[in-house]
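> only geometry, no sequence info:
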């Protein structure tokens, strides 16, 4: 028996076209304008308080709090094994929480799982599809799982061809798709019923840079044109930086930082001077004493000096190290990245995959 798509678990769905939403119980459609006012409970597409998931004695997700505004892209960033996918599966009702509470699209994931499933789309890492199907056959099957009529499915297929960069490939068998095309048809399947909230779990892992850039543009278009809330888990720093309105950084099951990418980067200084030296303790003493340096951290043989004016700090740092008799192997000036934030908070760097 051929394994169905993972989204098959979502059962029957509401019937809301992508472009011309049908009123249903007073709900606001996914393409309606979003309020710019400060977030209230009604403005939150996702809210978690003290969310936990334990596997025996192992705590995979440890009292996580989340607040994601409607119509925003939220980047959930962390290394492999940090708890990203487990958190996502709980929010998608695929894994039961061990503790805490989570609301998605206004419904409790534990008490109202069916209501949550009607309102979300999910393109997760492990998706079983029939490789002998064409993309069109997969999407028609997915639409039937959601209770859509043949006419509604046809309308959505036409819209998805343009919205997701897939075109004529929909009529080809999935077994011939590239990795990027499989990702895109998976994304289209998650969008067939026009969900209020879209979950993307590591959507570009293993893709080449060109395919990754195309997925990024599709994510931006979904958010821009439909006002769709997107919860994006990733281990790619540039992905979170480029796409997310806000970022949550998770490590060992705990949220260690949360905010806009720019605010998180500013929190550790406007500029960073990175110096690889032979004697890091002597270098720390020499550099920390400089008025132009705001802070100094040591990681292995690398000293990182944060400063509000990087160009002005380079020369004093180099002179101070020379006067202290410290041999400098490399000296680099750059702006902070989210990896620097993670390093400052955890003492480790995020390990990025290569495409």
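Thanks, I have the structure now. The shown structure was predicted, so the numbers you read here are calculated from the model rather than taken from an experiment.

> all helices of this structure, in order?
Using DSSP state H, the helices of the chain run over residues 84-91, 113-119, 135-145, 150-163, 179-191, 209-226, 237-243, 261-266, 280-288, 310-323, 338-346.

> The fourth one vs helix 135-145, what angle?
So the one you mean is helix 150-163. Using axes from the mean of the first three to the mean of the last three C-alpha atoms, to 10 degrees, the direction of helix 150-163 lies 130 degrees away from that of helix 135-145.

> buried ones in helix 150-163?
Residues of helix 150-163 classed as buried: 152, 153, 155, 156, 157, 159, 160, 161, 163 (neighbour count, 16 or more other C-beta atoms under 10 Å). All C-beta spots, glycine's among them, are computed from the backbone N, C-alpha and C.

> Which of the helices of the chain sits closest to residue 273?
Between residue 273 and the helices of the chain, the shortest gap by C-beta to C-beta is with helix 310-323, which sits at 5.6 Å.

> Who are the packing partners of that closest one?
Counting contacts by 3 or more C-beta pairs under 8 Å, 6 or more residues apart in numbering; DSSP states H and E, helix 310-323 packs against strand 271-277, helix 280-288, strand 302-307, strand 328-334.

> who touches the last one?
In this structure, residues lying in contact with strand 328-334 by C-beta atoms under 8 Å, 6 or more residues apart in numbering are 271-278, 310-311, 313-314, 317-318, 321-322.

> Would you mind listing which of these are buried?
271, 272, 273, 275, 276, 277, 310, 313, 314, 317, 321.

> any chance of the residues you listed in a markdown table, with distance to residue 141 too?
As requested, the buried ones among the contacts of strand 328-334 are arranged in a markdown table below (distance: C-beta to C-beta, whole Å):
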| residue | distance to residue 141 |
| --- | --- |
| 271 | 53 |
| 272 | 51 |
| 273 | 56 |
| 275 | 58 |
| 276 | 55 |
| 277 | 60 |
| 310 | 55 |
| 313 | 60 |
| 314 | 60 |
| 317 | 62 |
| 321 | 65 |
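
> Switch those over to TSV; also include distance to residue 228 and pLDDT.
Output for the buried ones among the contacts of strand 328-334, formatted as TSV (distance: C-beta to C-beta, whole Å; pLDDT from 0 to 100):
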residue	distance to residue 228	pLDDT
271	36	92
272	35	93
273	41	96
275	44	97
276	44	96
277	48	96
310	38	93
313	43	95
314	44	96
317	46	97
321	51	97
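
> Relative to residue 83, which of the residues you listed is nearest.
Closest to residue 83, out of all of these and judged by C-beta to C-beta, is residue 272, at 27.7 Å.
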